[in-house]
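K.L.:
Pasting the sequence and the predicted model now:
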There are 2 protein chains.
Amino acid sequence: MISKIDDVARRAGVSTATVSRVINNKTGFTEDTRRKVLRVIDELGYKPNAIARGLVSQTTNTIGVLMPCLSSRFSFELLKGIEKVAHSKNYSVIICNTDRNGERTLNYIQTLSEKRVDGILFISEWLKDEYGEILEKLNIPVALVATYTDKYPFPYVRVDDRQASYSAVSYLIGRGHRKIGMISGNPEDRIAGKPRIAGYRQALEDAGIELLEARIAYGDFHFTSGSAAMEELMQRDLGLTAVFAASDEMAAGAMAYLHSKRIPLPDSMSIIGYDDTLDAEMTFPALTTVRQPIEKMGEWAMDLLLKSDRRENIVLRHSISVRDSVTDV
Amino acid sequence: MISKIDDVARRAGVSTATVSRVINNKTGFTEDTRRKVLRVIDELGYKPNAIARGLVSQTTNTIGVLMPCLSSRFSFELLKGIEKVAHSKNYSVIICNTDRNGERTLNYIQTLSEKRVDGILFISEWLKDEYGEILEKLNIPVALVATYTDKYPFPYVRVDDRQASYSAVSYLIGRGHRKIGMISGNPEDRIAGKPRIAGYRQALEDAGIELLEARIAYGDFHFTSGSAAMEELMQRDLGLTAVFAASDEMAAGAMAYLHSKRIPLPDSMSIIGYDDTLDAEMTFPALTTVRQPIEKMGEWAMDLLLKSDRRENIVLRHSISVRDSVTDV
DNA sequence: TTGAAAGCGCTAACAG
DNA sequence: CTGTTAGCGCTTTCAA
């Protein structure tokens, strides 16, 4: 049914080696045989079997991406950047939704390793030893994205979460806010949780503002949790004038809650988010937020992964995307 | 470095055939040799080479997904459903962003076919002959998602766009609206363009409302184009009281434009969207929209693809998710 | 229950 | 410039 290199060789009256040379753009054949081979390939609709090739070349032109979640715009924008350069360099990308689940993650690592991918991207989660040790043994290139490690020899590309969070809160302070709440992700999260809280604290401290634990509520970076956290904050009756949410999605959730309570935005409550995904444009008022160049991060990550000669890490700059959700107080 | 089946065999004092039997859960070995082999596998950290396996088994446990875009929540929710059942059935998924570009699409089809994927999912685009013919020749399972075909023997899962659109507009009419605009996708788009316009027309006609071309503006399903289209509509000064947008994202864009013009929503303009992604909860007022069970579509698609014995098509039901963006007139 | 050996489809020496 | 041949790492008859 499906033709193989022998079929092509036979029909073209040459050896398989010659066919191989032609399809791999090597040297060692006349223009004449080249044309002949190419014609037969076309006639037969021959497509080289990448599996067989991979067996010989020990390379698959495929990489795997371990993502903790497939539900956030953050993930997609990242994926978009990754796919973009992957495709341009002729790599395929296998997506793996780990769901932040240890078993699933290990399982996927095993699969990727069996499939002999040429590289693995590990996205925005803390690299536990459980994962790091295995990945290291795999002996294939690994790069981290939106996370980091100083224990394992994997390069990473990310934004400094602590600094970015510091900037967000400082921005609020600069606008005159003093009673500033925070909707954080999981405080145990060593990547997007703890550091962002630390940045929040630091900014307050540097401005001589007292830190009150009650001003922090916790969510899971997603919309619904943002609403819930905002509700908690409001019920605590803290007299907040602004809230920093650790993701645009939670910020949107917070705004939805406030709207439902007919609280005028941004007049009665300023909100600043984190990520600057398209979500930030969808809310009303449009969300002022910390911008991280997500798609670019994906692109850099692929670069890091592919030219694995250099072990450098990349820390991208963040900025504040000013829109309409923060007002002076 | 990385151990192979021979290493395991030698060290366990058995043949490769036996090792193979053990790791494939076949019969033909004593419990004793099984344990021995398993122990050695563990010691060596042996991982069967899926490439070599694939070469002999002619199967890769991998499928490819051809997506026209990686930027919409629609794509993500679909992908989530796909990945979910794929992983549960031990398949890996390669994502291919075709960008609605013919060359890229053909290119990806070629790659997927060379990589001998076990199936291909073709998402939400009209299946041009250019694609259909090649896919058919490939002789591997193909299923269509959020699109359909009556020309090629591929099963599909989708929602009836025309009917869904009809429902949306009828809902508006039921709420008393007569001057209803539409923000459509590309009218040449035979999947999400033309049929949704047709549904809009039909609903108006059935209600005895005159159809005015000027009441339709066109976008590309994305946010920015939704704003632009809304602007056009407003500038035409048509006295509209409601607008049906062919995607939640365009609806969000439309709302953003209206907000920027301080037009009170939904009082001065009702908006209904299409998709019911998370986007619909982020807007203010929260978007009333046509719900299609996107993630479920992804799940069904994988089912269709894997049990290719049945050639059935699946048309999922839509509904209206009522939120706050439509008011009576 | 087990092993020897023949492929799966291709690439890469090595000869010629 | 071209062909022969030996693998790549695994599965699967076919014998034993």
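P.N.:
Structure received.
K.L.:
CA only for contacts and neighbour counts going forward, please
P.N.:
Noted.
K.L.:
which residue is nearest the middle of chain A?
P.N.:
For chain A, the residue nearest the mean C-alpha position is A:Leu78 (4.2 Å; Cα atoms, centre = their mean).
K.L.:
That one touches A:Gln292, doesn't it?
P.N.:
No - the pair A:Leu78 / A:Gln292 is not scored as a contact, 10.8 Å apart, by Cα atoms under 8 Å.
K.L.:
interface residues of chain A facing DNA strand C?
P.N.:
Counting by Cα under 7 Å from any atom of the strand, the positions of chain A adjacent to DNA strand C are A:3-6, A:16-17, A:19-21, A:23-24, A:47-50, A:52-53, A:55-57.
K.L.:
same thing but 6 Å
P.N.:
Counting by Cα under 6 Å from any atom of the strand, chain A comes close to DNA strand C at A:4-6, A:16-17, A:20, A:48-49, A:52-53, A:55-57.
K.L.:
would you list every one of the strands in chain A?
P.N.:
A:62-67, A:92-97, A:119-123, A:142-145, A:156-159, A:180-184, A:216-218, A:242-245, A:270-275, A:288-291, A:314-316, A:319-321 (DSSP state E).
K.L.:
mind checking pLDDT for the residue of the stretch 101-250 of chain A found nearest DNA strand C?
P.N.:
Among the residues of the stretch 101-250 of chain A, A:Arg116 lies closest to DNA strand C, at 14.7 Å counting by Cα to the nearest atom of the strand. Listed pLDDT for A:Arg116 reads 97.
K.L.:
Share the number of residues neighbouring A:Val85, please.
P.N.:
Per other Cα atoms under 10 Å in any protein chain shown, the neighbour tally for A:Val85 reads 17.
K.L.:
and the gap between it and A:Glu299?
P.N.:
6 Å (Cα to Cα, to the nearest Å).
K.L.:
And for A:Tyr171?
P.N.:
Applying Cα to Cα to A:Tyr171 and A:Glu299 gives a distance of 29 Å.
K.L.:
give the contact list for whichever residue of the stretch 1-150 of chain A sits closest to DNA strand D.
P.N.:
Per Cα to the nearest atom of the strand, A:Phe29 is where the stretch 1-150 of chain A lies closest to DNA strand D, at 2.9 Å. Contact analysis of A:Phe29 by Cα atoms under 8 Å, 6 or more residues apart in numbering or on different chains lists A:18, A:21-22.
K.L.:
Quick check: ChimeraX command selecting the buried ones in those residues.
P.N.:
Buried subset of the contacts of A:Phe29, written as a ChimeraX selection, criterion 16 or more other Cα atoms under 10 Å in any protein chain shown:
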select /A:18,22
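K.L.:
just the contacts of A:Phe29 now: which is nearest B:Phe244?
P.N.:
Nearest to B:Phe244 among the contacts of A:Phe29 is A:Val22, at 55.3 Å by Cα to Cα.
K.L.:
Please name the residues that touch that closest one.
P.N.:
Counting by Cα under 8 Å, 6+ apart, A:Val22 has contacts A:29, A:34, A:37-38.
K.L.:
A:Asp6 versus that one, what's the distance?
P.N.:
As judged by Cα to Cα, A:Val22 and A:Asp6 stand 14 Å apart.
K.L.:
what number of residues lie near A:Asn101?
P.N.:
For A:Asn101, the count of nearby residues is 12 (other Cα under 10 Å).
K.L.:
ok, now how distant is it from A:Gly64?
P.N.:
17 Å.
K.L.:
just A:Pro264 next, same as before
P.N.:
A:Pro264 is 45 Å from A:Gly64, where distance means Cα to Cα.
K.L.:
Which one of these two is surrounded by more residues?
P.N.:
More crowded of A:Pro264 and A:Gly64, by other Cα under 10 Å: A:Gly64, with 27 against 13.
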